[in-house]
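>>> Give me coordinates for this.
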Amino acid sequence: DQPRSRGLGDVYKRQIDDNFLSPDDLNKLADSIVLLPFELCPSIGAADDGVLGIKGSNFLDRLIVVSEPNPGEDSHPLMPIAKDLVNLFCKKHGFNLLDFYRTRVNLTPLSKDPRPLIPHVDLRNKYKHYILLLFLNDSDGDTIMYDLKVDGDIHAQEDLSVLKRFSPKAGRAVLFDGDYFHAWEHPQIHDFRLSLIANISVEKIDG
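Modelled structure (predicted):
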């Protein structure tokens, strides 16, 4: 499969919408999210979820709770929720949606260990794509975007520097280039951190 991407380009490594969803929209979304099937996941699965996880003493892979369709599982109840949100974001910010590859809801519980989860790149780099990240509650526990793009080489934690942090805020949406290694932190103050991600290919509408 050939990667498809005509999206933000190098000028726009990220796009942030602090008020993508209103409190009323979030309340309606929460009613749907609580009905999703969730399961315990012993790790983020960086070795499977990405090209490889950049492991080291700076990072710690640990328990999260997820709701995620299997590949091709269009009947999963998360699919219409995520697709509606992606289409809403694209309409608001002037994008054409080219492909929708994957979606997932992550519930990350409190941990007193400050180390982020393992930095990784989604989809094993099979597709050039963007990540739409939607924060569903106010929490601590940043998503971290590193300055290193996947290049097929094996890297160590010393190769990573933080490019940008995205802090959870209920209703905040972030679109960023999926070629960048990224990770997120467990909350250390709030009981949990709830987010929805979608891996997509988009193009900017001219004009």
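
>>> Stretch 153-170 - what's its average pLDDT?
Stretch 153-170 shows a mean pLDDT of 95.

>>> can you pull out the helices in this structure?
23-33, 46-49, 78-93 (DSSP state H).

>>> tilt between the longest one and helix 23-33?
When axes from the mean of the first three to the mean of the last three CA atoms, to 10 degrees is applied, the directions of helix 78-93 and helix 23-33 differ by 160 degrees.

>>> For helix 78-93, name the packing helices and strands.
strand 14-17, helix 23-33, strand 95-109, strand 130-135, strand 173-177, strand 192-204 (3 or more CB pairs under 8 Å, 6 or more residues apart in numbering; DSSP states H and E). Bear in mind the C-beta positions are built from the backbone N, C-alpha and C, glycine included.

>>> In a markdown table: these, plus distance to residue 88, mean pLDDT and mean neighbour count.
Listed next are the helices and strands packed on helix 78-93 as a markdown table, based on distance: least, CB to CB, whole Å; pLDDT from 0 to 100; neighbours: other CB atoms under 10 Å:
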| stretch | distance to residue 88 | mean pLDDT | mean neighbour count |
| --- | --- | --- | --- |
| strand 14-17 | 10 | 88 | 16 |
| helix 23-33 | 9 | 96 | 13 |
| strand 95-109 | 11 | 96 | 18 |
| strand 130-135 | 10 | 98 | 24 |
| strand 173-177 | 9 | 97 | 23 |
| strand 192-204 | 11 | 96 | 21 |
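
>>> which stretch among those comes nearest residue 75?
Nearest to residue 75, of all the helices and strands packed on helix 78-93, is strand 95-109, at 13.4 Å by CB to CB.
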